[in-house]
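Chemist: Here is a sequence with its predicted model. Questions after.
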Amino acid sequence: MPNNTLDVRHIAKLARLDLDDAEAATFQPQLQAILNHVAALSDLDLDGIDPTAHPSPAFGPMRDDTAGESLPPEAVITNAPDSAQNQIRVPKVVADA
């Protein structure tokens, strides 16, 4: 980071926070510690590491439906509470505009 020192009062002004002198004195070292930690993370060698959004899979494995037997689409529509024109009908969920 070219400039790793930020004024906590400037950040508070951008966030529209009103800090008194005691709060600014409390938060300034905390902000500096955060910036130092980010700088330390920036120095890590990450070559050969693939970027990920999640450290583990976001979704677990899906179970087999009905013990390996899938229903044909006709059976699904036949078993639906309301159907018309080979489609399942559901109640309207959006109010009129």
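Modeler: Structure received.
Chemist: pLDDT wise, what is Leu44 at?
Modeler: Looking at Leu44, its pLDDT reads 90.
Chemist: got it, and Leu19?
Modeler: Value for Leu19, per-residue pLDDT: 91.
Chemist: my guess is it meets Ala12, correct?
Modeler: Yes. Here Leu19 lies in contact with Ala12, judged by C-beta atoms under 8 Å, at a distance of 4.7 Å. (C-beta placed from N, C-alpha, C; glycine too.)
Chemist: Pull up the overlap in contacts between these two.
Modeler: Jointly contacting Leu19 and Ala12 under the rule C-beta atoms under 8 Å, 6 or more residues apart in numbering are Phe27.
Chemist: Show me the longest helix that occurs in the chain.
Modeler: Counting by DSSP state H, the longest helix found in the chain is helix 21-42.
Chemist: tell me what the next helix-or-strand element following that helix is packed against?
Modeler: Using DSSP states H and E, the next helix or strand after helix 21-42 towards the C-terminus is helix 73-79. Applying 3 or more C-beta pairs under 8 Å, 6 or more residues apart in numbering; DSSP states H and E, one finds that helix 73-79 contacts strand 87-88.
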